[in-house]
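J.: quick one, fold the following:
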Amino acid sequence: MKSSLIKLHIAVFLWGFTGVLGRLIQLNEGLLVWYRMLITILTLFIMMRWKGPIRRLSLPMVIKLMGVGALVALHWVCFYGSIKYSNVSIALTCLSSAGLFTALLEPLIMRRKVIVFEVLLGLLAIAGIYLIFHFDPRYRNGILIGLIATILSVLFTIMNKKLVVKNNSAKEIMLYELTGGWVVLSLLLPFYLSIFPTHYVFPTLKDWGWLLLMSWLCTVLAMDLSLQALRKVSAFTQNLTLNLEPVYGILLAFVVYKENKYLTHWFYYGFALILLAVVLQTLRIIKYKRV
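T.: Next up is the predicted model:
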């Protein structure tokens, strides 16, 4: 159990870098995610073929995995869109609402009872986001897009929880999911670029470096660790632990982009409530060993 939590926290730490890397890359959010997924798919394919033939899954399982991958792709597009409309700190903070959405959606999808304490912790995180949203209107569009990204992330985490109980390796799940997400995004991208045109279609040399780092460390390694952890921990615990992603990402954004100069004191009040929700859930896990 401890090893699963350690793997989960390492994955979250790696995900904390994605916001900073996303801002460094000049591509718009749609193209950024398209290249990121393509690099990741090719990397996984080479790694798995090196060890032997890739196991074929049943058609119903492939369809389910590719459907979850589509949610992953849309989540990433919305997440990086949130960064474009606000900044790294705001976009990452929005992910902290995952606790509330999971507490409401997981019982519905997994067919279990609603746990009131989980809902209360989620509401505490939402209260933190509200403080930022209400008192700093500059970032409202970015926050709204960020909340959509959060709902999508909750849905694919819950769906993954249902799928990883099957006898499939983490890399198999990733390969099928991201391939499905890449195919869906490829179909949508021409329409997306017609609505949001851009001058940068091909990555620069620096962009390729950041994309490789994002794909290899923040995607392949991080997703592999998180899927392994999800075999032992609940979707709610994973999503609430994901609230630490803003901690790592925001600290990096402060160092790299000096974003602390542009945030009001209400941001820190809201962030304190979010951090409190994370601490309370962590203590609850330790006390009751509910993961």
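J.: please make it C-alpha for all contacts and neighbour counts, starting now.
T.: Will do.
J.: not counting sequence-adjacent ones, nearest residue to Gly67?
T.: Gly180 (6.6 Å; CA to CA, 6 or more residues apart in numbering).
J.: run a quick neighbour tally on that neighbour.
T.: 25 (other CA atoms under 10 Å).
J.: what mean pLDDT does stretch 284-291 have?
T.: Averaging pLDDT along stretch 284-291 yields 60.
J.: could you do stretch 195-202 as well?
T.: Stretch 195-202 comes out at a mean pLDDT of 86.
J.: buried ones in that stretch?
T.: By neighbour count on 16 or more other CA atoms under 10 Å, the buried set for stretch 195-202 is empty.
J.: chain center to it, what's the gap?
T.: Computed by CA atoms, centre = their mean, to the nearest Å, the chain-centroid distance of stretch 195-202 equals 24 Å.
J.: could you export that stretch as PDB, CA atoms only?
T.: The C-alpha coordinates for stretch 195-202 follow below in PDB (Å, rounded to 0.1, in the frame of the first residue of the first chain):
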ATOM      1  CA  ILE A 195     -11.600  28.400 -35.100                       C
ATOM      2  CA  PHE A 196      -8.200  29.100 -33.400                       C
ATOM      3  CA  PRO A 197      -5.700  29.800 -36.200                       C
ATOM      4  CA  THR A 198      -2.000  29.900 -35.300                       C
ATOM      5  CA  HIS A 199       1.300  30.900 -37.000                       C
ATOM      6  CA  TYR A 200       3.200  28.000 -35.400                       C
ATOM      7  CA  VAL A 201       2.200  24.600 -36.900                       C
ATOM      8  CA  PHE A 202       5.600  22.900 -36.600                       C
END
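J.: can you list contacts of it?
T.: Around stretch 195-202, the neighbours that count as contacts under CA atoms under 8 Å, 6 or more residues apart in numbering are Gln26, Leu27, Asn28, Leu31.
J.: in TSV: those, plus neighbour count, secondary structure and pLDDT.
T.: Shown next, in TSV, are the contacts of stretch 195-202 (neighbours: other CA atoms under 10 Å; DSSP: H, G, I helix; E, B strand; the rest coil; pLDDT from 0 to 100):
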residue	neighbour count	secondary structure	pLDDT
Gln26	17	coil	88
Leu27	20	coil	91
Asn28	21	coil	91
Leu31	22	helix	95
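J.: still on that earlier bit, the residue nearest to Gly67: helix or strand, and which one exactly?
T.: Gly180 is part of helix 170-195 when elements are defined by DSSP states H and E.
J.: where does the protein dip in pLDDT?
T.: Applying pLDDT under 70 to the chain flags residues 1, 133-136, 164-168, 235-236, 239-240, 242-243, 262, 281-282, 285-291.
J.: on that earlier part again, list the helices and strands the helix or strand just after the helix holding Gly180 packs on?
T.: Downstream of helix 170-195, the next assigned helix or strand under DSSP H and E is helix 205-215. On a contact count with 3 or more CA pairs under 8 Å, 6 or more residues apart in numbering; DSSP states H and E, helix 205-215 meets helix 18-24, helix 29-51.
J.: please identify the deepest-packed of those.
T.: Comparing those by mean neighbour count (mean count of other CA atoms under 10 Å), helix 18-24 ranks first with a mean of 21.
J.: now tell me what touches that one from outside.
T.: Identification of contacts with helix 18-24 by CA under 8 Å, 6+ apart yields 32, 80, 83-84, 88, 91-92, 207, 210, 214, 218, 249, 252-253, 256.
J.: check stretch 88-99 too.
T.: So stretch 88-99 is in contact with 19-20, 23, 79-80, 82-83, 118-119, 121-122, 125-126, 129, 139, 142-143, 146-147, 149-151, 153-154, 236, 239-240, 242-243, 245-246, 249-250, 253, 259, 271, 274, going by CA under 8 Å, 6+ apart.
J.: quick one: end-to-end length of it, please.
T.: 20 Å (CA to CA, to the nearest Å).
J.: mind listing what's buried in stretch 208-216?
T.: Trp208, Trp210, Leu211, Leu212, Leu213, Met214, Ser215, Trp216.
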